[in-house]
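J.: just the structure for this:
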Amino acid sequence: MKNSQINVALCAFGMSGYVFHAPFIDLHPNLNFYGVFERTKNEAKKNYPTVKTFRSLEDILVDDKVALVVVNTPNTTHYNFTKKVILAGKNVVVEKPFTVTVAEAEELVQLAKDKNVLLSVYHNRRWDSDFKTVKRIIDKGILGDLVDVEIHYDRFEPDLSYKTHKELPIKGVGSLYDLGSHLIDQALQLFGMPKALFANLDSFRNNSKVGDYFDVKLYYNNFYVNLKSSYFVRETLPGYILHGKKGSFIKTKADIQEVELQKGLKPNSKNWGIEPISEQGLLHIEIEGEIIKKHILSEKGDYMEYYNGISEAILNKTAVPVSAEDATDVIKIIEAAIKSSEEQQVVEL
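T.: So this is what the prediction gives:
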């Protein structure tokens with residue numbers, strides 16, 4: 001390890017740790033995968049022999065060598081874990097969703113400012129190839145004024161999760177928090193905060209006690225954005241459907257990074273983050289009276305861009321790649337969607 005490297009500790013080594021964080025931290029030139037919190041196991045050492053194993057969060061917090069802590073524990077623990085890290089004076093990255101409530105999020109934002117530590121939330125889907133491609137199309141304005149947008153995150157998973165904490169009927173659990181936070185963050189990045197929303201939240205799996213379906217309509221001044229997810233979509237739908245006054249753009253949800261990481265591939269692998277050509281989005285527009293229908297080359301996905309931003313923020317005091325304020329807005333939408341579904345009425349924002 002070089003002296004300039006930032007020592008990073010993970011708070012867990014489940015899927016989030018070994019798929020979405022450790023591979024990027026380990027390969028980043030300015031970061032050092034220093035430690036991991038595992039209560040009884042030593043899973044991290046199988047792939048990272050030099051990593052230090054901590055048996056408690058407190059052991060991480062009293063280690064002066066740890067400069068950045070990644071809180072990648074279950075949703076309902078994010079607030080308590082993050083608060084302890086901030087109070088210990090260490091920089092922190094929190095997995096999405098940031099917190100369970102807006103009140104918790106706002107408290108942590110202020111606390112980080114008071115303690116002068118970095119606080120960022122891991123909304124990694126901003127660096128998906130499909131989202132980056134859609135953002136490019138919108139930024140170019142070639143669809144004209146938007147009329148209707150749909151963003152999907154669907155699965156076919158009729159059985160309850162073996163991870164029991166994901167099936168507990170408590171606040172912070174369910175697909176709106178787990179999958180919805182991705183879609184909400186993407187919508188807010190593309191269009192900003194809506195003026196109102198209407199939501200339907202439901203559960204269709206046998207014996208399910210948590211939400212596995214949501215349909216959230218965001219109301220903007222002159223167009224609508226629908227965020228949808230169901231665990232009963234066997235036939236894959238497009239991830240992004242955009243209709244504007246000049247035409248449409250349809251794009252599959254085709255980022256390959258998660259699949260490749262689960263296979264054990266590393267972010268420095270050949271052709272990392274490059275979608276198959278077959279997954280290119282379809283653009284159908286009219287330009288100067290000519291109808292044009294063609295496929296659009298996809299952007300390259302790369303979650304390493306997030307950790308590039310974290311490294312720069314710590315070493316050079318630049319802005320974090322995802323602000324805690326942005327992540328708080330996501331929780332505001334989630335809380336409003338829950339209220340809307342319960343009351344079956346439009347909620348003003």
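
J.: can you show me the strands along the stretch 51-200 of the chain?
T.: All strands of the stretch 51-200 of the chain, identified by DSSP state E, counting those that start in this stretch, fall at 52-54, 68-71, 91-95, 119-122, 146-152, 196-202.

J.: looking at the ones you listed, which is nearest to T236?
T.: With Cβ to Cβ, the closest approach to T236 among these belongs to strand 146-152: 9.0 Å. In this view, the C-beta of every residue, glycine as well, is placed from N, C-alpha and C.

J.: what helices and strands are in contact with that closest one?
T.: Judged by 3 or more Cβ pairs under 8 Å, 6 or more residues apart in numbering; DSSP states H and E, strand 146-152 is in contact with helix 180-191, strand 224-230, strand 240-244.

J.: recalculate using a threshold of 6 Å.
T.: When contacts are defined as 3 or more Cβ pairs under 6 Å, 6 or more residues apart in numbering; DSSP states H and E, strand 146-152 sits against strand 224-230, strand 240-244.

J.: so how many other residues sit close to the nearest residue to P74 once chain neighbours are set aside?
T.: Spatial nearest neighbour of P74, chain neighbours left out: H165 (4.8 Å); criterion: Cβ to Cβ, 6 or more residues apart in numbering. Number of residues near H165 (other Cβ atoms under 10 Å) recorded here: 14.

J.: same check on the one 4 residues further on?
T.: Per other Cβ under 10 Å, the neighbour tally for P169 reads 11.

J.: can you tell me which residues contact it?
T.: By Cβ atoms under 6 Å, 6 or more residues apart in numbering, the contact set of P169 is K209, V210.

J.: and it, what pLDDT?
T.: On the pLDDT scale, P169 is placed at 88.

J.: check the one 5 residues further on too.
T.: The predicted local confidence for G174 comes out at a pLDDT of 95.

J.: my guess is it contacts G211. True?
T.: Yes. With contact defined as Cβ atoms under 6 Å, G174 reaches G211; the gap is 3.6 Å.

J.: more neighbours: these two, which one.
T.: The neighbour comparison of G174 against G211 (other Cβ under 10 Å) goes to G174, with 26 against 22.

J.: how near is the more buried one to P49?
T.: Relative to P49, G174 is positioned 38 Å away (criterion: Cβ to Cβ, to the nearest Å).

J.: export the helices and strands packed on strand 146-152 to CSV and tack on mean neighbour count?
T.: Listed next are the helices and strands packed on strand 146-152 as CSV, based on neighbours: other Cβ atoms under 10 Å:
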stretch, mean neighbour count
strand 224-230, 21
strand 240-244, 21
